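Undergrad: Sequence first, then the predicted structure:
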Amino acid sequence: MCFSFEVSVITFIISWGISLYLLRKKLTTQQKYSIISLMIFSSMQIADAILWYIGMKKNNINYIVTSVLIPTILSLQILYNVFIVNNNGNPFITLLTVCSCIYLFIRFNGYSKSLCDNKLSSPIWGSNELKLWEICLFAAFIFWPNISKFVAVMFIIIPLIHIFVGGSYGSLWCAISTGLAFKYLYEY
């Protein structure tokens, strides 16, 4: 979980540093897809770092990061998995993908705020906690057709965040991107 500007920046540097190192190696196409997905995924740390840097003040920077940058990064995660990794040609999936991306821009229009004022504080994007169905749908899009990753997020990571932090599920990007970076470093 990312609880500060420093943690967000360090997470971004670690994830991108490992990713760039691995992309220089001889990888399979699927491994390259995984690394690029990680790079898109961990780019959310820049958005969180900016929010931390400005103290989550309700200003133009917060609005632009929350309403433009965050939904753009989330949309890129979906678009990359559906159209690049899985080479989607199904018109129904395309329609769902486009609708989901539009929804992200509507959903996060506004300002982000801090979950609370303690050391476990995390950004709540759009000042409105993510609903379980939103997390489930998003996870389905970014992990499709990999059911095991979807199950891990929905039945292990999300409940752990709820137990230890009590919300701010969007900040799970920090924990997942760091874990994936080291997993890929070990495996590839």
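TA: Noted; the coordinates are in hand. Residues are numbered from 1 along each chain as shown.
Undergrad: so what does the lengthiest helix in the chain touch, helix or strand wise?
TA: The single longest helix within the chain, with elements called by DSSP state H, is helix 5-23. If you count contacts as 3 or more C-beta pairs under 8 Å, 6 or more residues apart in numbering; DSSP states H and E, helix 5-23 packs onto helix 29-42, helix 44-53, helix 172-187. To be clear about C-beta, it is placed using only N, CA and C from the backbone, and glycine gets the same treatment.
Undergrad: and these, which is most packed in?
TA: Highest mean neighbour count among these (mean count of other C-beta atoms under 10 Å): helix 44-53, with a mean of 23.
Undergrad: So what's the gap between that helix and the chain middle?
TA: Counting by C-alpha atoms, centre = their mean, to the nearest Å, helix 44-53 is centred 12 Å from the centre of its parent chain.
Undergrad: From the contact counts, what lies against that helix?
TA: Looks like helix 44-53 contacts helix 5-23, helix 70-79, strand 123-124, helix 172-187 (3+ C-beta pairs under 8 Å, 6+ apart).
Undergrad: mind redoing it with 6 Å?
TA: helix 5-23 (3 or more C-beta pairs under 6 Å, 6 or more residues apart in numbering; DSSP states H and E).
Undergrad: In the helix it packs on, which residues are buried?
TA: Under the neighbour-count criterion of 16 or more other C-beta atoms under 10 Å, helix 5-23 has 5, 7-12, 14-16, 18-19, 22 buried.
Undergrad: what helix or strand does the residue lying farthest from the centre of the chain sit in?
TA: The C-alpha centroid of the chain is most remote from residue 26, which lies 26.4 Å away (C-alpha atoms, centre = their mean). Using DSSP states H and E, residue 26 sits in no helix or strand.
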